[in-house]
Structure formats: structure tokens, C-alpha cells
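> predicted model follows, preceded by the sequence.
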Amino acid sequence: MKRGRLPLTALRSFEVAGRLESFTLAAQELFISQAAVSRQIRELETLLGEALFERRHRGVHLTDSGSKLLAILTLSFDRIDECLEEIQSRPATAAVTISVEPSFAACWLVPRLPEFRERHPEIDVTIDADSRLIEFRGGQAEIAIRHSASVTAWPRTESGRLADVRMVPVAAPTLLNPGQAIVRPEDMLRHTLLHEETRDVWFRWFEAAGIAMPEIARGPVYADGGLVMQAVLRGQGIALMDDIFAEEEIRAGRLLRLSDLAVAHGAYWLVARSFERLAPPASLFVRWISSRIETF
């Protein structure tokens, strides 16, 4: 097919729909109607004389031909996007945008960010605290920091382990009144337990301690670790915190570590489209945060 006759609009719609495996989500990303996405893809299939999707009651799935075309298109569009970003005029001040898990941003990165700014005052840092995955396309962050209990890689990206997560029980000194010292793990059940997202981690911690955690030991559930940190610092209960989050607060005497027992809870990962192709400010940030975590 001659380049001048390439159906670029239809190819763009197909690439987004194939990548997301949804006509609805493709329409949202492209800011057009679902009907328009469907029509463009049908026109492309008619032009090629072959189906690119299997249309099922609960969604769409790529055919073998569709998967082959998607792999080429996604790589091509990503390369075009990178080239346009490189050509586009850049601000006079160097800058880097990082997409970060909210709890990591609040409890670890923001308190230590002045260290990076002191080393590299010429670089402006933008923190996008959002747990949603990003595609690293134009206008988005260049680096992401993600937590996962099991996933170690994400499509069309590179990832590197930043830090393992070990959850330890902590409390504010003001919570433990005279005569209420935590001597045994079961002593914690006398206090309110604070939870992040679910109660599963506390159940796993007590199981590791050899204790069956009763259902009545419930306590409030918070959306992320930053909120749990605020609650535990104010003496609202005992929390399981990532030890890299609690480290500074324990050293300062604002929190007490109540047991040496820790339970593993996945890891934090540095994620980028390509670490070798990062802009210099982003590369400097990656080197700094990697070395800073290693000192813990």
C-alpha cells in the first residue's frame, strides 16, 4: 500500500482499541464516540480484507493478524511520539516529571526531595501523585514509581526493583499509657489497629506471629499509607507501616517499633519506557533515588 493512501486515522483508532482491548476506552482516550471508533476499525478491516478483532458479548479480542499489526503500530507511534518530544522546544530550565504512588510520595519522597534539589538546583521536579498506570506518552511523566505485591513488569516498559516492602508494627509513644507496654504480639489487640486498603496485611502479620487475629479486631481502613501515617502519628492506633517509611519517624522518636517481626508485602519499582533513552534530568533523578534507597 502506498504511503499516501495509508488510513492513518483508522490505524490510530485501531492501535488504541487494541492496546486497551476496548472500543469504549479507546473512544475516551481519543475524545471521539465509540461508534466512530467501531466504524473506523470496520473500514480498516474491509480495506485489509481480514478481521482484526473477535467481537464477543463481553468485549473484543485481537485476532492473530490484529496482534501482529498492533505490535508494529504501538512501536511506531511510540517512536513518533519520542521524536516529536525531542524536536519540540524545551523550557530554559531543566525539568522532570515523576508519577508516584501517593503513599510513597507523601511518606518517603517528599521529605527527602530537598536532598535532590540541593544536588541539582537547576532541575525542576514535578510530582504527580497517582497510583494509576501511565503510558509514558506526550505530556505524561517520564518516570514512574509503582508498588506491586506480585507484578514485576508492565507492558511496553522497562522496570527496576527499587526497594522491597517489609511491614512492621509501629505506634506513637503517646498511645502507650503507663502499664500498657507492648510485650507480646497479642498485647496489640488491646488497641485500635489501623489498616491500609484492606485488613489482609494485619491478618498475615498475626499469622506469622502464631496468633489467630479475631474478627472483632477491626479498626479503620485508609486508602493509602500516607493517611495511615498521619493517623498513627496522632496516636489513633497501631499501624503496620513499610519500614522505609517509618525509619525517619522512629529515629526522631515520633514512632516506636513494637516488634522485630516484619512481613513481606511486594516491592516498589522504577518504571520507564526506556531507561537508556531518558532525558538527562530524569537520568539524574533515577541515579539519585537508586543510591538513596540503597543507603537504607
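Ah, there it is.

> contacts only, for Ile32.
Ile32 is in contact with Ser13, counting by Cβ atoms under 8 Å, 6 or more residues apart in numbering. From N, CA and C alone the C-beta is placed, and that goes for glycine too.

> let me redo that: Ser159
By Cβ under 8 Å, 6+ apart, Ser159 lies in contact with Arg146, Thr152, Ala153, Trp269, Leu270, Val271, Ala272.

> let's see 10 Å
If a contact means Cβ atoms under 10 Å, 6 or more residues apart in numbering, then Ser159 has Ala144, Arg146, Ser148, Val151, Thr152, Ala153, Trp269, Leu270, Val271, Ala272, Phe275 as its contacts.

> how about low-confidence regions in the protein?
1, 88-93, 138-139, 178-180, 215-217, 295-296 (pLDDT under 70).

> the longest strand anywhere in it pairs with which strands, and in what direction?
In the chain, assigned by DSSP state E, the strand with the most residues is strand 158-171. Here strand 158-171 is paired, per DSSP bridges, with strand 238-242 (antiparallel), strand 256-257 (antiparallel), strand 263-272 (antiparallel).

> keeping just the C-alphas, turn it into CSV.
This file holds the C-alpha atoms of strand 158-171, laid out as CSV (Å, rounded to 0.1, in the frame of the first residue of the first chain):
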residue,chain,number,x,y,z
GLU,A,158,11.3,-1.3,31.5
SER,A,159,11.3,-1.7,35.3
GLY,A,160,13.9,-2.0,38.0
ARG,A,161,13.4,-3.0,41.6
LEU,A,162,13.7,0.0,43.9
ALA,A,163,13.0,-1.4,47.4
ASP,A,164,11.4,-4.4,49.0
VAL,A,165,8.5,-3.7,51.2
ARG,A,166,8.6,-5.1,54.8
MET,A,167,5.6,-4.2,57.0
VAL,A,168,6.4,-3.6,60.7
PRO,A,169,4.1,-2.6,63.6
VAL,A,170,4.5,1.0,64.9
ALA,A,171,2.7,3.3,67.3
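
> list the buried residues in it.
Residues Ser159, Leu162, Ala163, Val165, Arg166, Met167, Val168, Pro169, Val170, Ala171 are the ones in strand 158-171 that count as buried (16 or more other Cβ atoms under 10 Å).

> one more: stretch 19-32?
Arg19, Leu20, Ser22, Phe23, Ala26, Ala27, Glu29, Leu30.

> how far off centre is it?
Going by Cα atoms, centre = their mean, to the nearest Å, the spacing between the C-alpha centre of stretch 19-32 and its chain's C-alpha centre is 22 Å.

> cool, thanks, talk later.
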